[in-house]
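Novice: Coordinates for the following, if possible.
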Amino acid sequence: MRRPFNNRRPDLKPDRIYDSILVSKLINYIMKNGKKSTAERLVYKALAKSSEVLKKDALPIIETVISNISPLLEVRSRRIGGATYQVPVEVRQERKIILSLRWLVESARKRQGKNMDEILGEELIDAYNKTGSAIKKREEMHKAAEANKAFAHFARY
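Specialist: Predicted structure coming up:
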């Protein structure tokens, strides 16, 4: 007999400065090779820079950035009768956050020429203003979902 399905995620503690789980997740996405203190320093400097430029608190900035980047629809492959269709489906709330943080960090790592904290701060400002490569990634995903809207009736939900 198989074990019962357990969909429980491990508890993530909020960060120490902003007391936010969202900032803590961003720190974990930035972290490489287990160097959490370095990742914390980078994220806190980036948030300070972006809040200084935008003249707002850091926590509303990061929340707005995540809501600007997070996609509404994505395409999922669905095999029906020997053919594979790209079916547009709505994105769950947890996956929206995961994708937006991933795209934010990925686009910051693609930029070059400055320190990572400066680059991440600029990427946060760009995403706040609805520009930048993370927003572009979201628009590409929405275009793919729009192009495959004809297959929406294959969705299981």
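Novice: can you give me the helices for the protein?
Specialist: 21-30, 36-54, 58-69, 93-110, 116-128, 133-147 (DSSP state H).
Novice: winner for burial among these?
Specialist: With neighbours taken as mean count of other Cβ atoms under 10 Å, these reach their highest mean count in helix 116-128, at a mean of 22. Any C-beta I mention is one placed from the backbone N, CA and C, and that applies to glycine too.
Novice: list the helices and strands that helix packs on?
Specialist: If you count contacts as 3 or more Cβ pairs under 8 Å, 6 or more residues apart in numbering; DSSP states H and E, helix 116-128 packs onto helix 36-54, helix 58-69, helix 93-110, helix 133-147.
Novice: Quick one, which of those gets closest to V75.
Specialist: helix 133-147 (5.1 Å; Cβ to Cβ).
Novice: how distant is the closest one from the center of its chain?
Specialist: Taking Cα atoms, centre = their mean, to the nearest Å, one finds the center of helix 133-147 at 13 Å from the center of the full chain.
Novice: what do you get for stretch 99-111?
Specialist: Worked out by Cα atoms, centre = their mean, stretch 99-111 lies 7 Å from the chain centre.
Novice: Offset the numbering so it begins at 4, please.
Specialist: Got it, first residue is 4 now, which makes that one stretch 102-114.
Novice: what are the C-alpha coordinates of it, in PDB please?
Specialist: What follows is stretch 102-114 as a C-alpha-only set of coordinates in PDB (Å, rounded to 0.1, in the frame of the first residue of the first chain):
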ATOM      1  CA  LEU A 102       7.700  32.000 -11.400                       C
ATOM      2  CA  SER A 103       7.900  35.700 -10.800                       C
ATOM      3  CA  LEU A 104      10.900  35.300  -8.300                       C
ATOM      4  CA  ARG A 105      12.600  33.000 -10.700                       C
ATOM      5  CA  TRP A 106      12.200  35.400 -13.600                       C
ATOM      6  CA  LEU A 107      13.400  38.300 -11.500                       C
ATOM      7  CA  VAL A 108      16.600  36.600 -10.400                       C
ATOM      8  CA  GLU A 109      17.200  35.100 -13.800                       C
ATOM      9  CA  SER A 110      16.900  38.500 -15.600                       C
ATOM     10  CA  ALA A 111      19.200  40.100 -12.900                       C
ATOM     11  CA  ARG A 112      21.800  37.400 -13.500                       C
ATOM     12  CA  LYS A 113      21.700  38.000 -17.200                       C
ATOM     13  CA  ARG A 114      22.700  41.600 -16.800                       C
END
